[in-house]
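Participant: Sequence first, predicted model second:
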Amino acid sequence: MKRGKRYLEAAKNVDRSVLYDAADAIALVKKCAVAKFDETVEAHIRTGCDGRHADQQIRGAVVLPHGTGKVVRILVFAKGVKADEAQAVGADYVGAEELIPKIQNDGWLDFDVVVATPDMMGVVGRLGRVLGPKGLMPNPKAGTVTMDVTKAINDIKAGKIEYRLDKTNIIHVPVGKASFTEEQLADNFQTLMDAIIKARPSALKGTFIKSATLTSTMGPGVKLNVTKLMA
C-alpha cells in the first residue's frame, strides 16, 4: 500500500519497536494527525477471544465522558407514545413498517445508530441482511433495544459507543477527535478500556488483551504497553 508524503513524515515520529504508555501514545497520535480535517482517534484492541464461541463473544456499550466529537444521526423504530417520545428528545428519524422498503429497496442509510422498542424487533428483523453487516442492528446488550427510548437517545447523543469483536477478534472503536485535548482523549480511552476489561468472558483461558493500538484516521498506528493498561 502506497503511503502519502504526509503519512510518511508523521510516521517518522513513531518508534515501531516501542510500546508506549497511553498518555505518550495519545500525544503522538495528536502530533501525527496532520490531515486537513479533524481526524477521528481510534482504538484497535486485539483480544485472545475466539468469537466463534458464543461464550467468548464481547458486545456492549459505554458512554465516553467527552463524547466522540461526531454528530450522530439516530433512527428509532417505535409506534404511538414511544414514537412521540423519541421525537420529543431529538431522534433524527422515527418510524415503523413504512421505513422497510425505503431501507431495503431504496438503499436509504442516512443514519448512524438504530434504536428499537422490543415490540418493533419483528419488523426490524426483516432488515437483518441490510443492517447486520453494517453493524447497525439494534441489540439489547448495546442498550439499543429498549422501552426507555429517552435514555437510549440521550446516551447516544452524550457519546455512547458500541464495542464488539470483529471476525478477527479485534475491537475497533472511536475515542474522540484529534482536536480533543490529551486529557479528554485519555479520559475517553480509559473509560473504554475499563468497560472492555470488565467484559472479559469468563470462558476465556489465557491472555485477554494481546495488543492495542491508537491511531488517527490518516495517521500511523501507535502501539500501547498492554501490561500497563491491564494493571
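Facilitator: Perfect, thanks for sending it. Treat the numbers as computed from the prediction; the structure is a model and nothing was measured. Numbers count the residues shown, from 1 in each chain.

Participant: buried stuff in the lengthiest helix in the chain?
Facilitator: Counting by DSSP state H, the longest helix found in the chain is helix 182-198. Across helix 182-198, burial judged by 16 or more other C-beta atoms under 10 Å covers Gln184, Leu185, Ala186, Asp187, Asn188, Phe189, Thr191, Leu192, Met193, Ala195, Ile196. C-beta: built from backbone N, CA, C; applies to glycine.

Participant: if I read this right, the third one contacts Ala27, doesn't it?
Facilitator: No - in this structure, Ala186 is not within contact of Ala27 by C-beta atoms under 8 Å, at 9.6 Å.

Participant: need the contact list for the residue nearest to the spatial centre of the chain.
Facilitator: Residue closest to the average C-alpha location in the chain (C-alpha atoms, centre = their mean): Val173, at 3.9 Å. Going by C-beta atoms under 8 Å, 6 or more residues apart in numbering, Val173 touches Glu42, Ala43, Ile45, Ile161, Glu162, Tyr163, Leu192.

Participant: neighbours around Lys134, how many?
Facilitator: 9 (other C-beta atoms under 10 Å).

Participant: How much space separates Ile170 from Gly69?
Facilitator: 22 Å (C-beta to C-beta, to the nearest Å).

Participant: and the longest helix of the chain, what does it pack onto?
Facilitator: Contact analysis of helix 182-198 by 3 or more C-beta pairs under 8 Å, 6 or more residues apart in numbering; DSSP states H and E lists helix 22-32, strand 40-47, strand 59-63, strand 160-164, strand 170-177, strand 209-216 as its packing neighbours.

Participant: residues of the first one that come out buried?
Facilitator: Using 16+ other C-beta under 10 Å as the test for burial, helix 22-32 gives Ala22, Ala25, Ile26, Ala27, Leu28, Val29, Lys30, Cys32.

Participant: between it and strand 170-177, how big is the angle?
Facilitator: Orientation check (axes from the mean of the first three to the mean of the last three C-alpha atoms, to 10 degrees): helix 22-32 against strand 170-177 gives 70 degrees.

Participant: any chance of the buried residues of helix 182-198 in JSON lines, with pLDDT and distance to Leu99 too?
Facilitator: Listed next are the buried residues of helix 182-198 as JSON lines, based on pLDDT from 0 to 100; distance: C-beta to C-beta, whole Å:
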{"residue": "Gln184", "pLDDT": "97", "distance to Leu99": "36"}
{"residue": "Leu185", "pLDDT": "97", "distance to Leu99": "36"}
{"residue": "Ala186", "pLDDT": "96", "distance to Leu99": "40"}
{"residue": "Asp187", "pLDDT": "96", "distance to Leu99": "36"}
{"residue": "Asn188", "pLDDT": "96", "distance to Leu99": "32"}
{"residue": "Phe189", "pLDDT": "96", "distance to Leu99": "35"}
{"residue": "Thr191", "pLDDT": "95", "distance to Leu99": "33"}
{"residue": "Leu192", "pLDDT": "95", "distance to Leu99": "31"}
{"residue": "Met193", "pLDDT": "94", "distance to Leu99": "36"}
{"residue": "Ala195", "pLDDT": "94", "distance to Leu99": "31"}
{"residue": "Ile196", "pLDDT": "94", "distance to Leu99": "33"}
